[in-house]
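Visitor: Build me a model from this:
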Amino acid sequence: MKVIRIPESDAPQFDATIAKIVADAPGPVAVVFFGTELPDTQKSFCPDCYIADPLIRKAILASPAAGTTTLVEVPVGNRDLWRNPANPYRTHPKIMLARIPTLTLWTAEGPTTSLVEEECASMENLAKF
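Guide: Numbers count the residues shown, from 1 in each chain. Prediction:
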């Protein structure tokens, strides 16, 4: 599994960045949108996010496509930025993000299958993803 992070500051270039990642990826591209880590704890401000994170990674590593999967980490900002209705991922026409964490399979056509919030913390759901 290859991991790529799209920094918060790169949100305006998300479309170009994700298109390049998908074009260059040897296999599936999974995008996880999550609350940015707090500086003092290095954990997401979002409890569901830091619970789901190790499970998402474990599920990808256990999948048959683990060697070719790219996991794209997309922090959505701190709590205030996330709650702002103008958050770039809330307003993005292909994403319209409403809850975090959200794990989405991304293809050249855009997002396809998604798991949202507690679905991301279920190994059963993740195994089907």
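Visitor: Ramachandran angles for the residue nearest to residue 35 when sequence neighbours are not counted?
Guide: The spatially closest residue to residue 35, leaving aside those adjacent along the chain, is residue 46, at 3.3 Å (CB to CB, 6 or more residues apart in numbering). C-betas here are computed from N, CA, C, even on glycine. Backbone torsions of residue 46, given as degrees, to the nearest 10, read phi -90, psi 110.
Visitor: Going forward, the N-terminal residue is numbered 4.
Guide: Got it, first residue is 4 now, which makes that one residue 49.
Visitor: State the pLDDT value of residue 49.
Guide: Residue 49 carries a pLDDT value of 96.
Visitor: so how many other residues sit close to it?
Guide: 21 (other CB atoms under 10 Å).
Visitor: pretty sure it contacts residue 86?
Guide: No. Using CB atoms under 8 Å, residue 49 is not in contact with residue 86, being 11.1 Å away.
Visitor: Tell me the secondary structure at the residue most central in space within the chain.
Guide: What sits nearest the mean C-alpha location of the chain, by CA atoms, centre = their mean, is residue 35, with 1.0 Å. Secondary structure state of residue 35, per DSSP: H, G, I helix; E, B strand; the rest coil, is strand.
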